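Asks: How does the following fold in three dimensions:
(chains A and B)
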There are 2 protein chains.
Amino acid sequence: MIVETLATGDELRLGEIVDTNSAYIAQALADHGLTVSRMTVVGDARHDIAAAIAEAAARADVVLVTGGLGPTDDDLGREALADVLGVGLEIRPEAVQAIADRIGRPPNAKNVRQARAPVGVDLIANTCGTAPGMCARCGACTVYAMPGVPYEMEQMLALSVLPAMLEAREDAAGASARRYFVVHGVPESEVAIALDAIHDPAIVAGTRVSHGSVLIRLWAHAGGPDEVQRALEVAGGIVIERFGSAICGEGDHDLAYFAGHALIDRGLTVAVAESCTGGTVAARLASVSGISAALREAVVAYSDDAKVRRLGVDARLLREHGAVSAEVARAMAEGIRVASGADVGVATTGIAGPAGGSAEKPVGLVYVASASAEGNDVSEKRFRGNRAAIVERSAETALWMLLNEARRR
Amino acid sequence: MIVETLATGDELRLGEIVDTNSAYIAQALADHGLTVSRMTVVGDARHDIAAAIAEAAARADVVLVTGGLGPTDDDLGREALADVLGVGLEIRPEAVQAIADRIGRPPNAKNVRQARAPVGVDLIANTCGTAPGMCARCGACTVYAMPGVPYEMEQMLALSVLPAMLEAREDAAGASARRYFVVHGVPESEVAIALDAIHDPAIVAGTRVSHGSVLIRLWAHAGGPDEVQRALEVAGGIVIERFGSAICGEGDHDLAYFAGHALIDRGLTVAVAESCTGGTVAARLASVSGISAALREAVVAYSDDAKVRRLGVDARLLREHGAVSAEVARAMAEGIRVASGADVGVATTGIAGPAGGSAEKPVGLVYVASASAEGNDVSEKRFRGNRAAIVERSAETALWMLLNEARRR
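Replies: Presented below is the predicted three-dimensional model:
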């Protein structure tokens, strides 16, 4: 199945934002053994969009278009698709109704623009926005048009577009299934080298970095479901044998999911004390549905004062070692644990930059600590990258320590 | 001048990394009044690269290719360009010498690959890597091939390619510039309707949703810089008149940036109490460099117990109104303000879902409160969307309240 993406929007071609939608789509498809052969970005001009759709449809079996479905006059994706199909636009009553339901009032003129579609196309439900998606046959090619707002596109891809593509493929031949593992603390290049040990031609193994950990994707395609299961069993066994305790868990989830569920499953409670990560550890945990059973509380204590008052850190430690030190990280983790009554405390302190670094304590120096009734643990890290990257990798380290605290029970 | 970019590499088309080079090029060109009309991404296959170069060269005056110039066997950019030009490859002695100078030893076989070029092309010096760039005439189009390593490409673009393009530009008279505003609390469709009041043909106005607020982009293109400035002045005036206090600020930034800088600039301190947002408000603020001067502390208090103990919320309020209520939101904001000694407290409590909703208190019901010495303010919201969308929009509301607290000083 030849697949191309087409992202539309002047903000993309002007370089104001980077086209992350196409990469997201390519990754989501790769998880199912489908690859994107070409990605194209054009602006908002109707003719440019239409030309790009027609060209892609001539090359590919499926074209996935993002953007151009907004309510404004510069959203011309519908018009462009109609041009390619050689039909006019019509207002679709079911789309008007869906928009009214979503916004809770009668649609205005701009909203009604979003209810128009080329005559004869199928509409695709938008579960978290107003613009419906569209599916059209264009010669031998199927064109899907999705909104450009990332979470709307992601939902539509997962709920409607990808299932339809997979159904079309299953009709073709054979069976397929996937298996995922998340590995922490091993560089992606080493993971990739280790996966070379899987020689089964039925298996396609791939990796992707997610929040600083590595997702391993095993995709099996063979004549029948039994064959597929056997291939995944053997390949998964190789992954487990090679990476052992570096595996966070099995499944296409992030480390926060595995750490959160490990805590919930074991009935453990956790409290978080954050300095350099500024709330990211808590926010990552909070992304896990059901985490309220485990997450007692979190404190973001940037200032020395807050570290003393909220976390009970000894002011002498701050004076002698500085806020960015193993000693203070440990005291923060112990402090939040005792104050909250949680089973486990976890803490971060470091220099996320760009300012605040010194020769002795450079930007990227981070201490992450965990504490429980059994004792405590401090990890010193020196991360590279910008502020956002340092925060992300510090938070990932804290989640990893939490997962391992939970595993020890 | 019609310009297209072409980024090559399997890691791009598989979505393993995002194509940031093309966006970088588009921004660098925009600073000189040049715009990119189309961006394309293809993999490492020689035929795919050659086809994409030939197609782009048929449409554009200039094609900027990145990637495919590395030393390995799957770097086939040179071969593809030779195919398009209908010539062979030759080893260029001046490139061999430049590579030897850079690596400080005689080049090995892989290095020498990088010294090959299609017969007759001009080489472009690489000031920070081994692969020279190339410049070729392809019909009426000029094709520049640059390395895919971002800093090598950026240097080559700045030192050689962009100067050459500017020299070649026929229409040297035109000028362009951009102006941005961020608007909160107005649906994108209404913003778009308001922008219809800008009738100047020199102005292209566009919108984009960012974290639940709307970014307005005014792009002006006219004969000279004075004309451009006047057009932006008038169009900006229309935006300011229409949206007034709904404008978070001017510039291509997010609301956290505007709120954070408003606090820092006025010397105000802030403390955050989060329930449903789980640390996202603090993490958004923490993304602002220099925020440690303003952000006293944040507390994520999921449990009733933590709300009472950490924030001093009256247990009676929790019993009578429930944790998701205007009363509790107000008490959380007041509580964190008093406990931290900050000038402003802000708090969130709500039901982010997917579980936890009821007929009376559905998923998406969120209360956001701010408190200062002057009094307090509570906003009741009913957001739609999934857990991540509800958290994002709740956090955006809290940042908006913080911005307005700062503005009142």
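Asks: Output the below-cut-off pLDDT ranges for the stretch 51-200 of chain A.
Replies: Scanning the stretch 51-200 of chain A for pLDDT under 70 picks out A:170-173.
Asks: got the residue ranges for the helices in it?
Replies: A:77-85, A:93-103, A:109-113, A:150-156, A:162-172, A:188-195 (DSSP state H, counting those that start in this stretch).
Asks: Point me to the helix or strand that includes the spatially most distant residue from the centre of chain A.
Replies: The centre of chain A is farthest from one residue, A:Arg316, which by C-alpha atoms, centre = their mean lies 41.4 Å away. Using DSSP states H and E, A:Arg316 falls within helix A:315-321.
Asks: what's in contact with that helix?
Replies: Residues outside helix A:315-321 that contact it (C-beta atoms under 8 Å, 6 or more residues apart in numbering or on different chains) are A:Asp304, A:Lys307, A:Val308, A:Ser325, A:Glu327, A:Val328, A:Ala331. The C-beta positions use only the backbone N, C-alpha and C, and glycine is treated the same way.
Asks: So for that helix, what gets flagged as buried?
Replies: A:Leu317, A:Leu318 (16 or more other C-beta atoms under 10 Å in any protein chain shown).
Asks: For that helix, give the mean pLDDT please.
Replies: The average pLDDT within helix A:315-321 is 96.
Asks: next SSE after it?
Replies: helix A:326-340.
Asks: who in the stretch 101-250 of chain A is up against chain B?
Replies: By C-beta under 8 Å from any C-beta of the partner chain, the residues of the stretch 101-250 of chain A that approach chain B are A:102-103, A:108-111, A:127-129, A:149, A:151, A:155, A:206, A:208-209.
Asks: Tell me which two of these sit farthest apart.
Replies: Maximum pairwise distance among these (C-beta to C-beta): 46.5 Å, between A:Ala109 and A:Gly206.
Asks: of the two, who's got more company?
Replies: With neighbours defined as other C-beta atoms under 10 Å in any protein chain shown, A:Ala109 and A:Gly206 compare such that A:Gly206 has more, 18 against 9.
Asks: In chain A, where's the longest helix?
Replies: Looking across chain A with DSSP state H, the single longest helix is helix A:387-407.
Asks: Could I get the buried residue list for that one?
Replies: By neighbour count with 16+ other C-beta under 10 Å, helix A:387-407 contains the buried residues A:387, A:390-406.
Asks: Ok, stretch A:265-284 next?
Replies: So for stretch A:265-284, counting by 16+ other C-beta under 10 Å, buried means A:268-284.
Asks: what subset of those residues is also close to chain B?
Replies: A:Val272, A:Glu274, A:Thr277, A:Gly278, A:Gly279, A:Thr280, A:Val281, A:Ala282, A:Ala283, A:Arg284.
Asks: can you tell me which residues contact the third one?
Replies: When contacts are counted by C-beta under 8 Å, 6+ apart, A:Thr277 touches A:Thr348, A:Ala352, A:Val391, A:Ser394, A:Ala395, A:Ala398, B:Ala283, B:Ala286.
Asks: what do you get if the cut-off is 10 Å, keeping everything else the same?
Replies: A:283-284, A:300, A:347-350, A:352, A:366, A:368, A:390-398, B:279, B:282-283, B:286 (C-beta atoms under 10 Å, 6 or more residues apart in numbering or on different chains).
Asks: again with the second one
Replies: For A:Glu274, the set of contacting residues under the criterion of C-beta under 10 Å, 6+ apart consists of A:280-283, A:298-302, A:332, A:336, A:346-349, A:391, A:394-395, A:398, B:279, B:282-283, B:286, B:297-298, B:300.
Asks: quick one: which of those residues sit in helices?
Replies: A:280-283, A:332, A:336, A:391, A:394-395, A:398, B:282-283, B:286.
Asks: pLDDT and distance to A:Leu6 added to those, as a markdown table?
Replies: A markdown table is the format used below for the ones in helices among the contacts of A:Glu274 (pLDDT from 0 to 100; distance: C-beta to C-beta, whole Å):
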| residue | pLDDT | distance to A:Leu6 |
| --- | --- | --- |
| A:Thr280 | 96 | 34 |
| A:Val281 | 97 | 38 |
| A:Ala282 | 96 | 38 |
| A:Ala283 | 96 | 33 |
| A:Met332 | 98 | 49 |
| A:Ile336 | 96 | 49 |
| A:Val391 | 93 | 33 |
| A:Ser394 | 96 | 37 |
| A:Ala395 | 96 | 34 |
| A:Ala398 | 97 | 39 |
| B:Ala282 | 96 | 38 |
| B:Ala283 | 95 | 33 |
| B:Ala286 | 93 | 36 |
